[in-house]
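S.K.: Show me the folded form of this:
(one chain, ligands or ions: 1)
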Amino acid sequence: MFSDANIRAAAEAISRAQLIAVSSGAGISKESGIPTFRDAQTGLWAQYDPEQLATPDAFKRNPDLVWSWYVSRHDLVAQCRPNPGHLALVEMEKLVPQLVILTQNVDGLHCAAGSADVVELHGSLGRFKCSADCQGSPTLVDLETIPHDHEHAPPCPHCGALIRPDVVWFGEVLSSIGLERAFDVAGNCQVMLVVGTSGMVQPAASFPIEARRAGATVIEVNLTPSQLTPVVDISLQGPSGHILPLLVDALKACRNRSLGEGD
Ligand code: BV8
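M.R.: Numbering: from 1, shown residues only. Okay, the predicted model is just below:
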């Protein structure tokens, strides 16, 4: 699990920082009811490997299967709410000079919680687009305005190419603007908080390495050790919905102590 001393050390590092970067993965949304990417898929999806479904080839080979997977995830996420972990980051943002969230998640829960500065590196389940980007990149399509069902990828109303989710698939490049911002934040932060990611997907898995190279204190919040654990300075093991609120409380205590000392 984690020690009070580690929570305090993490809070001290955050209290001294000008820029805090948060790198979040599927684990932060687990307590909102959204399965992580490597959880055994439930129901119909048990027999599919997400990394085999979240690719341009899968969509080309079997667009209706990939479409159904995304529409079912979209419908699940639409019923989910931010959990205390997301809300703690909104609190933390108010207690520090600058906090930027670099999220791999496509569930939109950081924005729904009220975080002000979120880079959605892998896109969003809430947006759909023409797979040919016929009106420019991206050609977003409002699903509410076109007839569609859960079984078949619908045609683009402009050009007839199939509609797909506005997410970054494996083998696709991330938006250069988002990626540039992410590496800039990672290279200039004093603290990077890595929350709920296995650290297996590139280029997001490089951010903590980049932050550490630039001299930042890297703090991990994860249920279990991850690929990144060996390179972090402070490891807080447990559910993020429990640990992040504790971290915010410790940060407030830190600030009160320093305000008291300042009297
Ligand atoms: C790119 C959107 C340049 C879609 C996602 C070979 C060929 C082609 C590419 C590659 C290759 N080898 C490597 C690559 C690069 C590839 C990659 O990294 N592959 C990996 C698998 C080896 N990356 C890419 O392709 C990226 N693009 O590199 O472009 C390029 C292009 C061509 C060729 C080479 C390079 C694009 C990657 C983006 C893919 N899209 N999502 C969708 O969602 O459907 S990734 C998807 O999986 C998620 O968005 C997320 O990023 C990732 C899952 O990772 P995590 O978030 O970490 O989730 P995971 O389940 O793994 O772990 C959850 C963690 O939470 C666990 O540690 C668990 O312990 C913890 N946890 C659980 N509960 C809690 C908790 N922690 C705290 N509290 C809890 N309660």
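
S.K.: What is the helix or strand hosting Ser124 packed up against?
M.R.: Take DSSP states H and E as the rule and Ser124 turns out to sit in strand 123-130. When contacts are defined as 3 or more Cβ pairs under 8 Å, 6 or more residues apart in numbering; DSSP states H and E, strand 123-130 sits against helix 63-78, strand 140-141, strand 163-167. Where you see a C-beta, it was placed from the backbone N, CA and C, and this is true even at glycine.

S.K.: what about the first one, near the ligand?
M.R.: No - no part of helix 63-78 sits near the ligand under the criterion Cβ under 6 Å from any ligand atom; the closest distance found is 7.0 Å.

S.K.: Can you check what angle separates that helix from strand 163-167?
M.R.: Counting by axes from the mean of the first three to the mean of the last three Cα atoms, to 10 degrees, helix 63-78 lies at 50 degrees to strand 163-167.

S.K.: near the ligand, which residues of the stretch 101-250 of the chain show up?
M.R.: 104, 106, 122, 167-174, 196-198, 200-204, 221-224, 226, 239-240.

S.K.: still on that earlier bit, take the helices and strands packed on strand 123-130 and write them to a markdown table, including mean neighbour count and mean pLDDT.
M.R.: Output for the helices and strands packed on strand 123-130, formatted as a markdown table (neighbours: other Cβ atoms under 10 Å; pLDDT from 0 to 100):
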| stretch | mean neighbour count | mean pLDDT |
| --- | --- | --- |
| helix 63-78 | 18 | 96 |
| strand 140-141 | 18 | 98 |
| strand 163-167 | 22 | 98 |
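
S.K.: any residues touching the strand holding Ser124, and which ones?
M.R.: 70, 73-74, 77, 106-108, 138-141, 143, 156, 158-159, 161, 163-168 (Cβ atoms under 8 Å, 6 or more residues apart in numbering).

S.K.: and Arg164, what are its bridge partners?
M.R.: Lys129 (DSSP bridges).

S.K.: residues in contact with it?
M.R.: 59, 63, 66-67, 70, 128-131, 153.

S.K.: What of Leu246?
M.R.: Leu246 touches Ile7, counting by Cβ under 8 Å, 6+ apart.

S.K.: Mind giving me the ChimeraX select for the residues of the stretch 101-250 of the chain next to the ligand, buried ones only?
M.R.: Here is the ChimeraX command that selects the buried residues among those (16 or more other Cβ atoms under 10 Å):
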select :104,106,122,167,168,169,170,174,196,197,198,201,204,221,222,226,239,240
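
S.K.: So which of the residues of the stretch 101-250 of the chain next to the ligand belong to helices?
M.R.: Ser240 (DSSP state H).

S.K.: Just the ones of the residues of the stretch 101-250 of the chain next to the ligand in strands?
M.R.: 167, 221-222 (DSSP state E).

S.K.: care to break this protein down by domain?
M.R.: 1-33+82-122+175-263, 35-79+123-167 (automatic domain parsing).

S.K.: Return the most buried member of those domains.
M.R.: domain 1-33+82-122+175-263 (a mean of 19; mean count of other Cβ atoms under 10 Å).

S.K.: residues contacting the closest residue in space to Pro155 that isn't next to it in sequence?
M.R.: Once flanking residues are discounted, Pro155 sits nearest to Leu162: 6.4 Å by Cβ to Cβ, 6 or more residues apart in numbering. Going by Cβ under 8 Å, 6+ apart, Leu162 touches 59, 63, 67, 131, 153-156.
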